[in-house]
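**Student:** Turn this into a structure:
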Amino acid sequence: MDIGATSLSPAEWLNQQFNSPDARQNPEAFSGKLMGSLQQQMYRAQQGMEEASGQLLTLRSSLSHDIPAIRTHSTYLIHDLSDLHTRLDSSRGAANSSLEKIRATEMVKQRMELTYRSLENQDNWEVLLADIKELIGSGDLEAILGRLAALQKCFVQLGESVDHEARRIQLDDVKNNIESFLIPRLVAGLAAVPPWKSQGNARTVGAGSDVLALKIVQIFDLMQRTETLRRILNDCRQRQFVGHWDDLIKALQDDSIVVSIDECIANFYEDLSSSWHAQLPLFAAACGDPADAILHSYSSILTDIGPKLEHEISLVREKSTAAANTAEDFLSALIAIKRSQEAFCQSIEKEYQQSHPRLAPASLPAFVTVVRRPLQNVMTSYVEVELVILSSELSRIHLTGAADKSKGLHALQGSASRLSSAVYSAVVRCFQLTEGKSFDALINMVNLSLAGYVKKVEEFARELKGRTTSGTGTAGKQTDFTDGDSETLNDLVKVLQHCGDLVLQLENIDDMLVQDQIHPGPIDQHILASSIRQVEALANSVFQWTLSLLLRPVEALLEGVPNLSTWTSSATKGAVADIPSFGFDPQDYITRIGNYLLTLPQIMDPVLSSESASMKRLKTILAFQIAPDESTSLTEAWIQATVFESMAIVTAVLIRIKHLTNLGIRQMIADLKYFQNVAEDFAVPLSDLFTSLLDLLTCSREDFDAKVDSVPPVIVNFVRNARNFD
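**Tutor:** Residues are numbered from 1 along each chain as shown. Got it, this is the predicted structure:
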């Protein structure tokens, strides 16, 4: 590249340099490099000149004669260098001009290529546009899909053309035409095979309508019209399933087809559940996330048929509550419906989680609420249906009263177990249907119903009590316990046995609920405590009636006792505590009472001989004045109660005597001691009044004054008057 190393002229040398490959490849860089090289050469030449000048000075004397020639040569050299600079500047301008021409050429080439492609795409656009319009009429979905993809690609390539907006309008028109063409076919394809009859699943897509629908879905997806597709898909499925529900209801209303409402609902849920897999491919292609899409579709379907389902259940309820057996069938149907709902929800949750194994199903709670809502709305009148069932069970217990007491007594037999069974079944159904939410309302209804029943039993027992026959003495009062009295006592004891049985059965409900693990409250608290208390109150009322019946002879024998002449047989008066009374025999009235009480075992044993659980329970229910221990039989407790009450009656009658002589007092003491012996025979403790009366009648005056403070005034006043203790 050194200009001094060649024999060429500067112009020739420059032309040679710019014709080199490096200059053609990168003119600008080469020119810069060449200029740098020439400047270095000029610098070296200048240095050489300076050295030469120095040498000239040293050799001036010897070379002075050559100076003119050297100056001439230097002038020529400077001229040549100036010419070289001029040529280099000219070459640099030429190189820049060449680069500009190269760039312009490239731009022209690019424009020509774009113009060519544009002309080619324009031709393709027109051809594709014409082809796809023809294909829409032919119905070739595969060809439509291919042409539409090519048309959209061509539209993208023509994006910078001046008529881009017009082409966009044309493309939208094509999409609208395709959509109008495909929608009826999509609807027909979806309707051709209902999803609950399809054999497709998540891995295998069936032929025919499934393939057609999937191809249409691909075209909608390519057109970016997925929202329209989802709307059509959901609308079609909703119409199909709602229509399917209407068909099931028509079958329910057809008398020639034996089907129940719970079977219809179970079949519908089963069809929804079995359709999940069949719809996965289509919903996956249309919506991306098929599980969420199907779940949303099912929610819409169930929301739509919810009022219809509720209406049908209400119609069945209205027909069923006319009789207890149909009402119970209705509740059984509700339980079956609830089980179908729970099974359906579990099935859908399982299917959903298979699609989202690591995702918590946030949408499922709302879906479950939609499924349960119709049945929950019907449950607002659930307790009313239970009332029909329980009322019917109660109405079967015909207590016809005194007109036909045998039928009434027969009706009581086994009725306690049937009632408790009905109540237990109602409570179990309450937890099955309402998870116990209606429990309080149900128990209130049961307590009210049982209160009405207890009142009926009480009225029946009153009629039985009023059937006693008359066995009268000389005074016209009943002094013997007649066969009629025995029969009445036996009937009343049967009522008491029913009360004991009913209490046991109602208490047993709690035990069964505990075993079923559905007891609603503390285990030691009876859910029917109110009804149990009412039955126990009735039992004690009937018990008092039996005592009244047993005490009737005692009361009859005491009639007129205050007016006996014995009490005033002597005019002698005063305190006679020191006079022996063992010589006095008890009077006839008290011995007859004693003899009657001694016959109580004969009267009571046949009636109370049963050792049943209900009779044993009565011993803890009845309010005995003398609380029986475990070793005391029910008969013994009953007799003791009768003797104790007889003691109270005797005491009350004797203190009604207005006037007593000394002999009368001694006679009363003898009568009281006789009765004391009778009471001791039955191991009956003396009452406070009886003990006080006998004690004050026999004590000294000094002891009398000391004892009166602890004795009831009625006894004190009677004895004070009788013994003339002023």
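**Student:** my guess is Ile532 meets Val503, correct?
**Tutor:** Yes. Using C-beta atoms under 8 Å, Ile532 makes contact with Val503 at a distance of 5.6 Å. No exception for glycine: its C-beta is placed from N, CA and C like everyone else's.
**Student:** In space, not sequence, find me the middle residue of the chain.
**Tutor:** Glu435 (6.7 Å; C-alpha atoms, centre = their mean).
**Student:** Test for you: state the pLDDT assigned to that one.
**Tutor:** On the pLDDT scale, Glu435 is placed at 84.
**Student:** Who are the contact partners of the residue nearest to Gly452 when sequence neighbours are not counted?
**Tutor:** Among residues not flanking Gly452 along the chain, Leu394 sits closest, at 7.4 Å (C-beta to C-beta, 6 or more residues apart in numbering). Contacts for Leu394 (C-beta atoms under 8 Å, 6 or more residues apart in numbering) come out as 419, 449, 452-453.
**Student:** Now list the buried members of those.
**Tutor:** Buried members of the contacts of Leu394, counted by 16 or more other C-beta atoms under 10 Å: 419, 449, 453.
**Student:** I'd say the last one and Leu419 touch.
**Tutor:** In other words, Tyr453. Yes. Using C-beta under 8 Å, Tyr453 is in contact with Leu419, at 7.4 Å.
**Student:** re earlier: who are the contact partners of the residue nearest to the centre of the chain?
**Tutor:** Here Glu435 is in contact with no residue (C-beta under 8 Å, 6+ apart).
**Student:** Find the nearest non-adjacent residue to Gly436, please.
**Tutor:** According to C-beta to C-beta, 6+ apart, the nearest residue to Gly436 is Pro520 (5.7 Å).
**Student:** Isn't that neighbour up against Val514?
**Tutor:** No. Using C-beta under 8 Å, Pro520 is not in contact with Val514, being 10.6 Å away.
**Student:** Please identify which of these two sits among more neighbours.
**Tutor:** Pro520 (14 against 11; other C-beta atoms under 10 Å).
**Student:** tell me the secondary structure for that one?
**Tutor:** coil (DSSP: H, G, I helix; E, B strand; the rest coil).
**Student:** which residues does it contact?
**Tutor:** Contacts here follow C-beta under 8 Å, 6+ apart; on that basis Pro520 touches 436, 439, 513, 527.
**Student:** Could you do Tyr589 as well?
**Tutor:** Taking C-beta under 8 Å, 6+ apart as the test, what Tyr589 contacts is 557-558, 561, 564.
**Student:** Filter the residues you listed down to the buried ones, PyMOL style.
**Tutor:** In PyMOL syntax, the buried subset of the contacts of Tyr589 is picked out as below (16+ other C-beta under 10 Å):
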select buried, resi 557+558+561
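**Student:** Dump the contacts of Tyr589 into a markdown table; add secondary structure and distance to Leu550 as well.
**Tutor:** Formatted as a markdown table, the contacts of Tyr589 follow (DSSP: H, G, I helix; E, B strand; the rest coil; distance: C-beta to C-beta, whole Å):
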| residue | secondary structure | distance to Leu550 |
| --- | --- | --- |
| Leu557 | helix | 13 |
| Leu558 | coil | 14 |
| Val561 | helix | 19 |
| Leu564 | coil | 24 |
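**Student:** okay, the contacts of Tyr589 in a markdown table with distance to Asp173 and pLDDT next?
**Tutor:** Converted to a markdown table, the contacts of Tyr589 look like this (distance: C-beta to C-beta, whole Å; pLDDT from 0 to 100):
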| residue | distance to Asp173 | pLDDT |
| --- | --- | --- |
| Leu557 | 120 | 95 |
| Leu558 | 118 | 94 |
| Val561 | 123 | 93 |
| Leu564 | 129 | 93 |
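**Student:** Make JSON lines from the contacts of Tyr589 and add distance to Val217 to it.
**Tutor:** As requested, those are exported to JSON lines (distance: C-beta to C-beta, whole Å):
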{"residue": "Leu557", "distance to Val217": "105"}
{"residue": "Leu558", "distance to Val217": "104"}
{"residue": "Val561", "distance to Val217": "109"}
{"residue": "Leu564", "distance to Val217": "115"}
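**Student:** Out of the contacts of Tyr589, the closest to Phe18 would be?
**Tutor:** Taking C-beta to C-beta as the measure, Phe18 sits nearest to Leu558 out of the contacts of Tyr589, at 162.3 Å.
**Student:** any idea how far Gln676 is from the closest residue in space to that closest one that isn't next to it in sequence?
**Tutor:** With sequence-adjacent residues excluded and distances taken as C-beta to C-beta, 6+ apart, Leu558 is closest to Val653, at 4.6 Å. If you measure Val653 against Gln676 using C-beta to C-beta, to the nearest Å, the figure is 16 Å.
**Student:** Ala683 is in what secondary structure piece?
**Tutor:** Using DSSP states H and E, Ala683 sits in no helix or strand.
**Student:** Could you list which residues are in contact with Phe431?
**Tutor:** Per C-beta under 8 Å, 6+ apart, neighbours of Phe431: 439, 518.
**Student:** next structured bit after the helix or strand encompassing it?
**Tutor:** Using DSSP H and E, the element containing Phe431 is helix 415-434. The helix or strand immediately downstream of helix 415-434 is helix 439-465, counting by DSSP H and E.
**Student:** buried residues in whichever helix or strand comes after that next one?
**Tutor:** Per DSSP H and E, the first helix or strand lying C-terminal to helix 439-465 is helix 483-515. Neighbour counts over helix 483-515 (16+ other C-beta under 10 Å) mark 485-486, 488-489, 491-507, 509-510, 513 as buried.
**Student:** quick one: Asn540 from Phe460, how far?
**Tutor:** To Phe460, Asn540 is 16 Å away according to C-beta to C-beta.
**Student:** ok, the two, which is more surrounded?
**Tutor:** Shown here are Asn540 and Phe460; by other C-beta under 10 Å, Phe460 has more neighbours (23 against 16).
**Student:** Quickly find the element holding the spatially closest residue to the more buried one that is not a sequence neighbour.
**Tutor:** Distances taken as C-beta to C-beta, 6+ apart put Leu399 closest to Phe460, at 4.0 Å, once the chain neighbours are dropped. Leu399 is part of no helix or strand, with elements assigned from DSSP H and E.
**Student:** Enumerate every residue touching Leu399.
**Tutor:** 408, 411-412, 456-457, 459-460.
**Student:** Please produce a ChimeraX select command covering the buried subset of those residues.
**Tutor:** Applying 16+ other C-beta under 10 Å to these, the buried members can be selected in ChimeraX as follows:
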select :408,411,412,457,460
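**Student:** tell me which element Ser531 is part of?
**Tutor:** Using DSSP H and E, the element containing Ser531 is helix 529-557.
**Student:** Many thanks, we can stop here.
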